[in-house]
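Chemist: based on what follows, work out the 3D shape:
(one chain, ligands or ions: 1)
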Amino acid sequence: MVLVVGGAGYVGSHVCHALRAASEPHLVLDNLEKGHRQAVEGSPLVVGDIRDPNTVKRVLAEHMPDTVMHFAACIEVGESVRDPAKYYWNNLYGVLVLLEAMREASVERFVFSSTAAVFGEPHYVPIDENHPTCPTSPYGDTKLAVERMLRAFDVAYGIRSVALRYFNASGAQPGANIGEDHDPETHLIPRAILAALGRVPPLVVFGTDYDTPDGTCVRDYVHVSDLARAHLLALAHLRADGPSRAFNLGGGEGRSVREVIESVERVSGRKVPHSFGDRRPGDPARLVASSKLIQSELGWRPRFVDIDEIVSHAWVWHSAHPEGYRS
Ligand SMILES: NC(=O)c1ccc[n+]([C@@H]2O[C@H](COP(=O)([O-])OP(=O)(O)OC[C@H]3O[C@@H](n4cnc5c(N)ncnc54)[C@H](O)[C@@H]3O)[C@@H](O)[C@H]2O)c1
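Modeler: Residues are numbered from 1 along each chain as shown. Reported below is the predicted structural model:
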């Protein structure tokens, strides 16, 4: 049995879908601050906060999971600069509470949603696991601090973990009626689609003079269903007594902001209203992952690498749910 904390959010709900498809018993613990009850229909849900030790201890004692998967974090880089306390409190202290309760309950496997933000400004791309980690935001700091805590907890207490450093999670599980619904939505693909649908103001493209083929920033879009499969592989790896690992997870190709806008226009048949603005401080020109390590160690391969296919899955979700789960 797997305890999925933060399972009612975007990535977590796709992992729950994959767990249901694999008939893997699981339970979601989510405070629903950002998550959606409808996103985990079909999975049992406990509404509660991981920073509350009593809730976490009770859930572990009642359900005795063998593994915990963690998605329960605050996720906005800009907000983490304005309000770092919120991030250290939820993303770091929350994990400490969870790990302490796991230690007491002898739960010894942990899968962690980490991020490309642990690397900071890239020295080279594609970014592999040997790339130095030097986060440039409190958000990235909290994720790197958890990775370090996990290494220490393995050595000292035998809690083994897999940290999956996603690059840009995107798309939606076809046919599953689940998708991306963040508030606020800061990610490019949903913002471009919502702009095309007239649901949000025109997109602003930040910077057109980067050292990239078309001058706009390049990012690595990895399909959320491919991320979900990586979680199941991580689970199998830990259950087979595999060692603690940290893996980078990307779709394998960088796409520029302009390419994403063009893709949304092709897929939707609509114009994406947009304008061009200045660079945002701290935005690297390119962030592209090397996923060779997880490919060789866990046999993971992304199934959806074509940007139009990723965008079309997102388009199906957003055009049917222009107000997200409220639609
Ligand atoms: N979306 C991405 O592109 C991306 C990229 C890299 C890493 N990540 C990481 O993946 C994870 C999931 O991201 P997402 O996009 O699904 O975010 P999300 O906001 O959609 O999901 C997070 C979920 O956790 C829940 N939650 C937050 N704090 C909680 C707490 N204290 N107790 C209980 N539940 C809590 C929220 O209600 C929400 O359902 C995060 O840890 C994020 O840092 C996401």
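Chemist: contacts and neighbour counts: CA atoms only from here.
Modeler: Noted.
Chemist: quick check: buried residues in stretch 16-25?
Modeler: Buried residues in stretch 16-25, counted by 16 or more other Cα atoms under 10 Å: 16, 17, 18, 19.
Chemist: out of the residues you listed, which is nearest to residue 289?
Modeler: Distance to residue 289, by Cα to Cα, is smallest for residue 18 among those, at 23.4 Å.
Chemist: heading C-terminal from the strand or helix carrying that closest one, find the next helix or strand.
Modeler: Using DSSP states H and E, residue 18 sits within helix 10-21. As assigned by DSSP H and E, the chain's next helix or strand after helix 10-21 is strand 26-30.
Chemist: tell me which strands and helices that following strand is in contact with?
Modeler: Here strand 26-30 touches strand 2-5, strand 45-47, going by 3 or more Cα pairs under 8 Å, 6 or more residues apart in numbering; DSSP states H and E.
Chemist: in its sheet, what does the shortest one sit against?
Modeler: If you go by DSSP bridges, strand 45-47 pairs up with strand 26-30 (parallel).
Chemist: mind checking how far residue 297 is from residue 259?
Modeler: Going from residue 297 to residue 259 by Cα to Cα, to the nearest Å gives 32 Å.
Chemist: between those two, who's got more neighbours?
Modeler: Counted by other Cα atoms under 10 Å, residue 297 and residue 259 do not tie: residue 259 has more neighbours, with 16 against 12.
Chemist: just after the strand or helix carrying that one, pick out the following helix or strand.
Modeler: Element membership of residue 259, judged by DSSP H and E, is helix 257-268. Following helix 257-268 in sequence order, the next helix or strand is strand 274-277 (DSSP H and E).
Chemist: quick one: mean pLDDT for that next one?
Modeler: Averaged over strand 274-277, pLDDT sits at 96.
Chemist: what's next to it, contact-wise?
Modeler: Defining contact as Cα atoms under 8 Å, 6 or more residues apart in numbering, one finds that strand 274-277 is touched by 202, 203, 204, 205, 206, 207, 208.
Chemist: what does the chain put close to the ligand?
Modeler: 5-12, 30-35, 48-51, 71-75, 90, 94, 113-115, 166-169, 182 (Cα under 6 Å from any ligand atom).
Chemist: narrow the residues you listed to those that are buried.
Modeler: Members of these classed as buried by 16+ other Cα under 10 Å are 5-12, 30-32, 34-35, 48-51, 71-75, 90, 94, 113-115, 166-169, 182.
Chemist: and those, which of them are in strands?
Modeler: Counting by DSSP state E, those place 5, 30, 113, 114, 115, 166, 168, 169 in strands.
Chemist: tabulate these (JSON lines), appending distance to residue 319.
Modeler: Putting these into JSON lines (distance: Cα to Cα, whole Å) gives the following:
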{"residue": "5", "distance to residue 319": "28"}
{"residue": "30", "distance to residue 319": "27"}
{"residue": "113", "distance to residue 319": "28"}
{"residue": "114", "distance to residue 319": "29"}
{"residue": "115", "distance to residue 319": "28"}
{"residue": "166", "distance to residue 319": "25"}
{"residue": "168", "distance to residue 319": "21"}
{"residue": "169", "distance to residue 319": "19"}
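Chemist: ok, so of these, who is nearest residue 216?
Modeler: Nearest to residue 216 among those, with distances taken as Cα to Cα, is residue 168, at 16.0 Å.
Chemist: wait, that closest one sits on residue 221?
Modeler: Yes. If you go by Cα atoms under 8 Å, residue 168 and residue 221 touch, sitting 4.7 Å apart.
Chemist: which neighbours do the two have in common?
Modeler: In contact with both residue 168 and residue 221: residue 250, using Cα under 8 Å, 6+ apart.
Chemist: which helix or which strand is home to residue 99?
Modeler: With DSSP H and E as criterion, residue 99 is part of helix 94-104.
Chemist: in the stretch 201-327 of the chain, which spans are strands?
Modeler: Shown for the stretch 201-327 of the chain, the strands assigned by DSSP state E, counting those that start in this stretch span residues 203-206, 218-223, 245-249, 254-256, 274-277, 286-287.
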